[in-house]
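Visitor: Structure for this input, please:
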Amino acid sequence: MARYRLVLAKEDFKFSAAHFTLFSDGRAELLHGHNYRVRVELAGEGLDSEGLLVDIESLKLALRVLCAGLDSRMLIPGESARLHWERQGDAVAVRFGERDYRFPAADTRVLPLANTSIELLARMLWHDLAPHLAGSRVDALAVSVEETAGQECWYERDLLTPTQE
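Guide: Numbering: from 1, shown residues only. Now for the predicted structure:
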């Protein structure tokens with residue numbers, strides 16, 4: 001069966017952010033930052049009447065908006081059972097074990113994630129991008145988040161499969 005695969009890995013699909021990964025043994029990384037890169041792969045069997053798999057300009061715009069929302073931010077895993085956070089006026093207070101942090105609220109994004117791992121960031125971006133593909137010929141989407149050269153995670157799935165997460 002013939003398929004089209006479209007890869008988007010533009011230089012400006014990126015964001016710089018601070019975080020710390022939580023590990024299953026109770027440890028956590030020290031606070032640090034990455035210059036993340038995002039890549040997207042789209043696949044489908046057919047093209048529209050103009051010979052296009054998708055409105056690529058709209059999709060690129062949506063991805064740039066998502067990256068801009070994460071850029072220059074402190075990323076907090078808002079659904080972590082081991083981390084406590086709360087908004088305190090113009091700040092976000094975070095506690096993990098014996099560590100206490102206080103970040104400017106305007107510089108902080110509390111994400112609907114249990115951890116700020118590249119695995120969960122890739123899945124979150126997949127779910128944020130998928131609605132923008134409604135009505136297109138795309139039937140599969142893959143999103144990669146790279147936190148450093150040689151260390152990235154791809155999250156991919158069929159767009160027609162009901163969400164199970």
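
Visitor: could you pull out the strands for this structure?
Guide: Assigned by DSSP state E, the chain shows strands spanning 4-8, 14-19, 32-44, 73-77, 83-88, 91-96, 99-104, 108-111, 140-148, 151-158.

Visitor: Centre of the chain to the third one, how far?
Guide: Going back to what we said before, that points to strand 32-44. 8 Å (Cα atoms, centre = their mean, to the nearest Å).

Visitor: Then the second one?
Guide: Between the mean C-alpha point of strand 14-19 and the mean C-alpha point of its chain there is a distance of 11 Å (Cα atoms, centre = their mean).

Visitor: orientation of it relative to strand 73-77 in degrees?
Guide: Per axes from the mean of the first three to the mean of the last three Cα atoms, to 10 degrees, the angle that strand 14-19 makes with strand 73-77 is 60 degrees.

Visitor: Give me the local confidence score for Glu86.
Guide: Note on Glu86: pLDDT of 98.

Visitor: how near is the closest residue to Trp85 other than its chain neighbours to Val38?
Guide: Leaving aside its chain neighbours, Trp85 sits nearest to Val94 (4.7 Å; criterion: Cβ to Cβ, 6 or more residues apart in numbering). Using the backbone N, CA and C atoms, a C-beta is placed for each residue, glycine as well. Look at Val94 and Val38: by Cβ to Cβ, to the nearest Å, they are 25 Å apart.

Visitor: repeat for Arg137
Guide: Remark: distance between Arg137 and Val38 (Cβ to Cβ) = 22 Å.

Visitor: ditto for His127
Guide: Counting by Cβ to Cβ, the gap from His127 to Val38 is 14 Å.

Visitor: which one of these two has more residues nearby?
Guide: Val38 (25 against 16; other Cβ atoms under 10 Å).

Visitor: what's across from that one in the sheet?
Guide: Val145 (DSSP bridges).

Visitor: hang on, isn't it packed against Ser144?
Guide: Yes. Using Cβ atoms under 8 Å, Val38 is in contact with Ser144, at 6.8 Å.

Visitor: what's the residue nearest to Trp85 in contact with, if anything?
Guide: Shown in contact with Val94 (Cβ atoms under 8 Å, 6 or more residues apart in numbering): 76, 83-85, 100-103.

Visitor: Next one: it from Gly26, what distance?
Guide: 16 Å.

Visitor: How about Leu133?
Guide: For Leu133, the distance to Gly26 - Cβ to Cβ - is 39 Å.

Visitor: low-scoring pLDDT stretches of this protein, where are they?
Guide: Within the chain, the stretches with pLDDT under 70 are 161-165.
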